[in-house]
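Visitor: whatever this is, show me its structure:
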Amino acid sequence: MAAPRLSGTENRLVSLPLSRIRVIMKSSPEVSSINQDALFLTAKATELFVQYLATYSYKHGRGKEKNALTYTDLSHTAEECETFQFLADILPKKILASKYLKMLEKEKRDGEVREDDEGEEEEDEDKAVGDSVGS
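Guide: Prediction:
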């Protein structure tokens, strides 16, 4: 039995393409079929969420000054607002490639220092065990 089609009126109530949302929903292995109502509600909820994220980011970012919403505003919102922190990995702060390479270099050096420290601690433990056995 075919699912009923959304009427033209319902289709105009959402801006996102329902066919794309259907494809995304079907990409989940747990989903076998999608009810038209579920498709419509998912589309509408997604639109409202994006609208809220954009509005919040605009109001709390620098966008007001420039009369524009920027990626920086969105990434700042994802990082600073508890409601949107689950987006922090998707909307990371932009950094220059040179700065990122310096960060990687520093992490690599710090990792080597930690490994050296751990090696020294193991040697100290071995000496302590050897001293107590020799006593």
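
Visitor: for this structure, give me the ranges with low pLDDT.
Guide: 1-12, 113-135 (pLDDT under 70).

Visitor: redo that, cut-off 80
Guide: Across the chain, the ranges flagged by pLDDT under 80 are 1-13, 63-66, 111-135.

Visitor: can you show me the helices along the protein?
Guide: Using DSSP state H, the helices found in the chain span residues 8-12, 18-26, 36-60, 63-66, 71-80, 97-134.

Visitor: which residues does stretch 71-82 contact?
Guide: Residues outside stretch 71-82 that contact it (CB atoms under 8 Å, 6 or more residues apart in numbering) are 53-54, 56-58, 60-63, 84-85, 87-88, 90-94. Glycine gets a C-beta too; all of them are placed from N, C-alpha and C.

Visitor: just the buried ones from those?
Guide: 53, 56, 57, 58, 61, 63, 84, 87, 91 (16 or more other CB atoms under 10 Å).

Visitor: follow-up on the earlier one: just say which of the helices of the chain is most tucked in.
Guide: helix 71-80 (a mean of 18; mean count of other CB atoms under 10 Å).

Visitor: hang on, the earlier thing: and the furthest pair within the buried ones among the contacts of stretch 71-82?
Guide: Within the buried ones among the contacts of stretch 71-82, 63 and 87 form the most distant pair, 17.0 Å apart (CB to CB).
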